[in-house]
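1. Sequence unavailable; structure follows:
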C-alpha cells in the first residue's frame, strides 16, 4: 500500500474530583502523637471521610508526622465548644473578590504578598488549590477583607538578614525554605538580570515559624540570665532574632531602661546552624513536579543514602519546589550556574495523557519505484539512493518513538504518506486528504515539497518539522528546522576554539567554495596564516610546511567538501605530526567529505580531528535496546536515531500541551539519544534549532567534547 495508517488507542483514566463547598474544608499538619482517630475526633468527622479527601493516604498507618491533610468539615463548631482563642480568631467575612489569572512563575507566596491575604484564605475561596498546585492560566477569586491596623503585626512577619561571604540567592532561599522568586518579591531592589549578592548586604526575609509571637509556644523558649555588658544587638545576633522581638517577648526590658545584668528573660531556643550551607561546600537542585526519588538519584548521580543524609526533610516526602543540597564535587558531572543545577528539560515528567496528538509523516519511500517482490533489486536500490536510506531509517526510528510514547500512556493518531519524491504527489495528497485537527507534520524531505506543505499547513496553523533541512529560501513561520544552520555550527566551533586558544599557531586551509568559513576563522584569529591551495584541490606542500611551528602546537583548519583534498591534507598533517612538531586538525564545515572511504580514520584520530555536529554517536541506551528488540538485533543507524529523536521530541511536546507553538514558548533545550533541540523562533522565517555538539576523533573513536572542559583537551 502507498499509505500506511497507524491508529494507537490507549485507555485514559480520568480522576474526577467531588465538588463540595470550599468553606467545608480545613488543612491540618499531623503532629507528634496524633493518629487518624484522634484527628477525626478533633474535627468531629469520621476517619473514612478524611481518607476519602486524601487519596494518597491508604490507611491509618500512613498518617505520619508532618503529613498535610485536607479535613472535610461536616458542620460548624458550636459556641459552647469554642475555646477563647477560637473566639478571638473568628473568621472575618470578605467584603468582595478580585479576579486574578495566574501568570507564569507566580507563586502562592507572591499572591499573598500582592493581595495582603494568607495562603489559607486564598485556598478557602479556590478549593481546587487544596489538591492542585498553582498553574499558569488558573482563574482565582481573591477575597477582599476590611482594612485593619497592621502596625502591631506587620513588623513581626519579617526580619532583616545580613548576607554572609560566599552565600548566594539560592543558598539563602534554601535556608529560609522559600523560592528565589519569593526572595525577589520581598527585595524588589535586587537586580533581576544577575545573581550578584554582596557580603554585608541586607535582605528582607520571612521569619521562620516560631519566631513571631503568635506562633511561639512555651516549649520553644529558654530562660536566659543577662551577663555583664550584654546589649540587645549582641543578644539578637547570638540567638538569631531581631532586637525588637526580644523586647516584645520581654516588655520589662523597656520598663527598666534596657538590658540589666542578672535580668532573667525568655528567648527562643537557639536555631541549629549546623546545617547552614553556602556555595563553598554545596550546590543546589530544585525539585520539579512529578519527579520521584529514583529519577532524581539517577539524574544527579547520587545515592539515595547520601541524598537523604544531606536533606533529612526528605523523610517527610519529596515535594515540588524543594531545594536539595548536593556535594560540590557533583558539579563536575552536572550543568551548574550560580550554584544551581540546571536541568536539561525532561518532558517525560510533564506529559498529560489527556492529550491525544494527531501526527502526519510525509517521507519519500519511493514505493512507486521499489518492487518489494524483487528483494535483491530492492535492497540494491535502497543502498544506492540516499533519500530511501534516510526515509526508511528515519521511519524505523520514528516507530520506536511511537512505541515509547504509547508506553507512557499517550494515545497518538498517526498517518503516513509516501511523497514519492514528487511535488505533484505532495499536491495530490494535500488536495485529497483532510488535515483538520492535525497537530504536526513531519516531512517532507525535499525543499520544494517542504515549501508546498508549509504553505498549505500554515492556513490551518499546523507546524511542519523539517527532518533534514536547516533553512528554506522562502519564509515559513510554521516550520521547525530540526537541523542547525551552518552558521550556528560554525559559531559554536569558533567560540569553543577561541576559549581554548592559548597562543597556538593557527593555519587556515580553505578552498574557494568556503570563503565564508575562511573569513569567519580569520575574524576570530587575525594572526592566522593562510595556506596556498593548488588548483583548488591540494596544498602547496613546501610553502605549507614552513608555516608549521616547532615551539607551539599547530592548529590547522581545513575547510572543503572534496574527499580527495581531505585525504591529502590529513595525510600531510599526519606525517608532520611528530614529537617535535605537534599538529591538530579542525573544521567549522563538517560534511560527507570527511567520512569518505579515501580518508584515513587513523590519520584523523592521530590529529585529534575536531568538528561541530548536530549529531553524536548513540550510546547503548534505552532506545538502542528497544530498536534492536523490535528489529531482531539490527543496530540503528544515524537516520534511525534521528527519526526517534525528532519524533519523540515532537510527541513529548504535544503530550505536554498538544500545541507545538505554545510548548515551544516555554520549553528550551531538550536532549535525546543522538540529537538535541533548542528552537529559536524567528517569527516570520520559522523555528531554527540551535543545539549542536563539539565532536573529536581520539583513539580511533569519536567522542563528544564538553566545551566547558578545556583542560582535558589542551
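-> The structure has been received and is ready for your questions. The structure displayed is predicted, hence computed values, not measured ones. Numbers count the residues shown, from 1 in each chain.
2. and this protein, what are its domains?
-> 24-88, 96-148, 358-433+441-484+619-681, 486-613+696-705 (automatic domain parsing).
3. Need the winner for burial among the ones you listed.
-> Burial among the domains of the chain, expressed as mean neighbours by mean count of other Cβ atoms under 10 Å, is greatest for domain 358-433+441-484+619-681, which shows a mean of 19. For every residue, glycine as well, the C-beta is placed using N, CA and C.
4. That one: end-to-end distance?
-> Looking at domain 358-433+441-484+619-681, the gap from its leading to its trailing residue is 23 Å under the measure Cα to Cα, to the nearest Å.
5. Give the rounded mean pLDDT of that domain.
-> Domain 358-433+441-484+619-681 comes out with an average pLDDT of 89.
6. before we move on, what about stretch 226-245?
-> Model confidence over stretch 226-245 averages 79 on the pLDDT scale.
7. Now do the buried residues in it.
-> Burial within stretch 226-245, assessed by neighbour count using 16 or more other Cβ atoms under 10 Å, is assigned to 226, 230, 235, 236, 239, 241, 242, 243, 245.
8. C-terminal to whichever strand or helix holds the third one, what's the next element?
-> Translated: residue 235. Here residue 235 sits within helix 232-239, counting by DSSP states H and E. Using DSSP H and E, the helix or strand that follows helix 232-239 in sequence is helix 243-249.
9. for the helix ranked longest in the chain, the distance to its chain's centre please.
-> Selection of the longest helix in the chain by residue count, based on DSSP state H, yields helix 386-407. Its chain's C-alpha centre lies 25 Å from the corresponding centre of helix 386-407 when counted by Cα atoms, centre = their mean, to the nearest Å.
10. Which other helices and strands does that helix contact?
-> Helices and strands touching helix 386-407, as assessed by 3 or more Cβ pairs under 8 Å, 6 or more residues apart in numbering; DSSP states H and E, comprise strand 358-363, helix 375-384, helix 622-630, helix 638-657.
11. Off-centre distance for stretch 400-414?
-> Distance of stretch 400-414 from the chain centroid (Cα atoms, centre = their mean) equals 22 Å.
12. ranges for the strands of the stretch 1-150 of the chain?
-> Applying DSSP state E, counting those that start in this stretch to the stretch 1-150 of the chain gives strands spanning 3-7, 25-29, 68-72, 96-101, 139-144.
13. now the stretch 451-600 of the chain
-> With DSSP E, counting those that start in this stretch as the criterion, the stretch 451-600 of the chain has strands spanning 464-466, 479-481, 505-510, 529-530, 533-534, 538-539, 554-559, 583-586.
14. Now the ones you listed in a markdown table, please, with extra columns for distance to residue 629.
-> Formatted as a markdown table, the strands of the stretch 451-600 of the chain follow (distance: least, Cβ to Cβ, whole Å):
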| stretch | distance to residue 629 |
| --- | --- |
| strand 464-466 | 26 |
| strand 479-481 | 30 |
| strand 505-510 | 46 |
| strand 529-530 | 53 |
| strand 533-534 | 50 |
| strand 538-539 | 48 |
| strand 554-559 | 41 |
| strand 583-586 | 39 |
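15. For residue 523, find the nearest of these.
-> Taking Cβ to Cβ as the criterion, strand 505-510 is the member of the strands of the stretch 451-600 of the chain that comes nearest to residue 523, at 11.4 Å.
16. How about residue 51, nearest residue that isn't a chain neighbour?
-> The spatial neighbour of residue 51 that comes closest, neighbours along the chain excluded (Cβ to Cβ, 6 or more residues apart in numbering), is residue 57 at 5.7 Å.
17. does residue 139 really touch residue 100, like I thought?
-> Yes: taking contact to mean Cβ atoms under 8 Å, the distance of 7.3 Å between residue 139 and residue 100 places them in contact.
18. For residue 286, give me the backbone phi and psi.
-> When read as degrees, to the nearest 10, the backbone of residue 286 gives phi -90, psi 130.
19. number of nearby residues for it?
-> Taking other Cβ atoms under 10 Å as the neighbour definition, residue 286 ends up with a count of 18.
20. Over to stretch 282-295 now: how far is its first residue from its last?
-> 20 Å.
21. tell me which residues in it are buried?
-> Along stretch 282-295, these residues count as buried under the neighbour rule (16+ other Cβ under 10 Å): 282, 283, 284, 285, 286, 287, 288, 291.
22. So which elements touch the helix or strand hosting residue 612?
-> Secondary-structure element containing residue 612, defined by DSSP H and E: strand 610-613. The helices and strands touching strand 610-613, judged by 3+ Cβ pairs under 8 Å, 6+ apart, are helix 486-500, strand 583-586, strand 693-698.
23. just checking, residue 230 touches residue 260?
-> No: using Cβ under 8 Å, residue 230 and residue 260 do not qualify as a contacting pair, with a distance of 9.4 Å.
24. Show me where the stretch 51-200 of the chain has its helices.
-> In the stretch 51-200 of the chain, the segments counted as helices under DSSP state H, counting those that start in this stretch are 84-88, 108-115, 119-124, 151-154, 169-176, 180-186.
25. rewinding a little: what comes into contact with the strand holding residue 612?
-> The contact list for strand 610-613, computed with Cβ atoms under 8 Å, 6 or more residues apart in numbering, reads 489-490, 492-493, 584-588, 590, 594, 692-697, 705.
26. circling back to that earlier point, can you lay out the domains of the chain as JSON lines showing distance to residue 159?
-> Written out in JSON lines, the entries for the domains of the chain read as follows (distance: least, Cβ to Cβ, whole Å):
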{"stretch": "domain 24-88", "distance to residue 159": "23"}
{"stretch": "domain 96-148", "distance to residue 159": "16"}
{"stretch": "domain 358-433+441-484+619-681", "distance to residue 159": "35"}
{"stretch": "domain 486-613+696-705", "distance to residue 159": "43"}
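27. how about those domains, which one is nearest residue 163?
-> Using Cβ to Cβ, the nearest of those to residue 163 is domain 96-148, at 20.4 Å.
28. Which one of the strands of the stretch 451-600 of the chain lies nearest to residue 114?
-> Between residue 114 and those, the shortest separation by Cβ to Cβ is 37.1 Å, and it involves strand 479-481.
29. Sheet partners, orientation included, of that closest one?
-> As defined by DSSP bridges, the strand partners of strand 479-481 come to strand 464-466 (parallel), strand 687-689 (parallel).
30. so which strand or helix has residue 228?
-> With DSSP H and E as the criterion, residue 228 is inside neither a helix nor a strand.
31. Least confident of the strands of the stretch 451-600 of the chain, on average?
-> Summarising mean pLDDT across the strands of the stretch 451-600 of the chain, the least confident stretch is strand 538-539, with a mean of 84.
32. which residues sit against that strand?
-> Outside of strand 538-539, the residues within contact range by Cβ under 8 Å, 6+ apart are 509, 531, 532, 533, 564, 565, 568, 569, 572.
33. what's the answer for stretch 301-312, then?
-> Where contact means Cβ under 8 Å, 6+ apart, the residues beyond stretch 301-312 that reach it are 282, 293, 296-297, 300, 314-315, 322, 324-327, 330, 333-334.
34. what comes up buried for it?
-> Within stretch 301-312, the residues that qualify as buried are 302, 307, 310, 311, counting by 16+ other Cβ under 10 Å.
35. Perfect, that will be all.
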